[in-house]
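Asker: 3D model of this:
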Amino acid sequence: MTNDLNVCLTPSLLSLYNVENYIVVIIDIFRATSSICYGIENGANAIIPVAEIEECEAYRTHGHLLAAERNGEVVTGFDFGNSPFSYTADKVAGKTVVLTTTNGTQALHLSRTAKRVVIGSFLNLTALCDWLKTQNDHILLVCAGWKNNFNLEDTLFAGAVTEQLKYGNFKLDDPAIAANDLFQAGRNDINGYLKKTSHSERLKKLGIEKDIEFCLQVDLTTAIPVLEGEKLVKLLI
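Answerer: As a prediction, this is how the structure comes out:
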């Protein structure tokens, strides 16, 4: 049986897919899904993704770490945002983090009805792809984009996943083919290729170029965060 490998280029297109028929991979390279992968790898008990700042605020009395980002900056009054350097073992091990971001948590919220929701980043690329290869199911790669618009970095990562899966028993849709073509264009120097992205420019203006470099490291982690109920936890394989 051939399964579909599809790419949703922006959350605004999710209504075109029957999400409940897929394993969904959420992609927000700069920086939410990279930080989630790093936090789970570093021993966070769970990360609770919420769509709105008010939802994050509601957890203040629960004893959790509260992380809120909007437009690349930490929201005033919260513990941190979505920089991967906030998700080191000394900060998150044994703790639960409640997270809301501009793009990534919104895409995740819209994908909750999927068969399974997992988190992808360059940090866990090979571990993620190796697991996806073992799943006899349709796969939808959901690019968080930027405020419901297309972005380059998430699509290029979707192309990197497609590159590892396309030789298997999958049928690619046009966005998956296009994402893979984009990956072919940038694969020899991903960091250099993505320096031209608008989100990269936004982060540079905030003085956090180191976050960009960190998020483009390949296979730094092996943990695959999976949505269980309201929480993202480490997938047990």
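Asker: Name the helix or strand of the chain that has the lowest mean pLDDT.
Answerer: Across the helices and strands of the chain, mean confidence by mean pLDDT, DSSP states H and E is lowest for helix 198-205: a mean of 75.
Asker: mind saving the C-alpha coords of whichever helix or strand comes after that helix as PDB?
Answerer: Moving toward the C-terminus from helix 198-205, the next helix or strand (DSSP states H and E) is helix 209-215. Output in PDB follows, covering the C-alpha atoms of helix 209-215 (Å, rounded to 0.1, in the frame of the first residue of the first chain):
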ATOM      1  CA  GLU A 209      21.900  35.300  15.500                       C
ATOM      2  CA  LYS A 210      23.100  32.500  17.800                       C
ATOM      3  CA  ASP A 211      19.600  31.100  18.000                       C
ATOM      4  CA  ILE A 212      19.600  30.800  14.200                       C
ATOM      5  CA  GLU A 213      22.900  28.900  14.100                       C
ATOM      6  CA  PHE A 214      21.700  26.600  16.900                       C
ATOM      7  CA  CYS A 215      18.400  25.700  15.200                       C
END
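Asker: Which positions within helix 209-215 qualify as buried?
Answerer: Applying a neighbour-count criterion of 16 or more other Cβ atoms under 10 Å, one finds 211, 212, 214, 215 buried in helix 209-215. Backbone N, C-alpha and C define where each C-beta goes, glycine included.
Asker: just stretch 15-23 next, same as before
Answerer: 17, 19, 22, 23.
Asker: Now the nearest residue to residue 7 once chain neighbours are set aside, what are its backbone angles?
Answerer: Here the nearest residue to residue 7 in space, its sequence neighbours aside, is residue 175; by Cβ to Cβ, 6 or more residues apart in numbering that works out to 3.9 Å. Here the main-chain torsion angles of residue 175 (degrees, to the nearest 10) amount to phi -60, psi -30.
Asker: Do a quick rundown of the strands in this protein.
Answerer: Per DSSP state E, the chain carries strands over the ranges 3-8, 22-27, 46-49, 65-70, 73-74, 96-100, 116-120, 138-143, 170-172, 225-228, 231-234.
Asker: Check the ones you listed for me: which has the lowest mean pLDDT.
Answerer: Out of these, strand 73-74 stands lowest, with a mean of 90 (criterion: mean pLDDT).
Asker: Among the strands of the chain, which comes closest to residue 128?
Answerer: Nearest of those to residue 128, taken as Cβ to Cβ: strand 116-120 at 5.1 Å.
Asker: ok, the residue nearest to residue 7 - how many residues close by?
Answerer: Residue 175 sits with 21 neighbouring residues when counted by other Cβ atoms under 10 Å.
Asker: so what's it up against?
Answerer: For residue 175, the set of contacting residues under the criterion of Cβ atoms under 8 Å, 6 or more residues apart in numbering consists of 6, 7, 8, 9, 158.
Asker: one more time with 7 Å
Answerer: Contacts for residue 175 were tallied using Cβ atoms under 7 Å, 6 or more residues apart in numbering; they are 6, 7, 9.
Asker: All good on my end, thank you.
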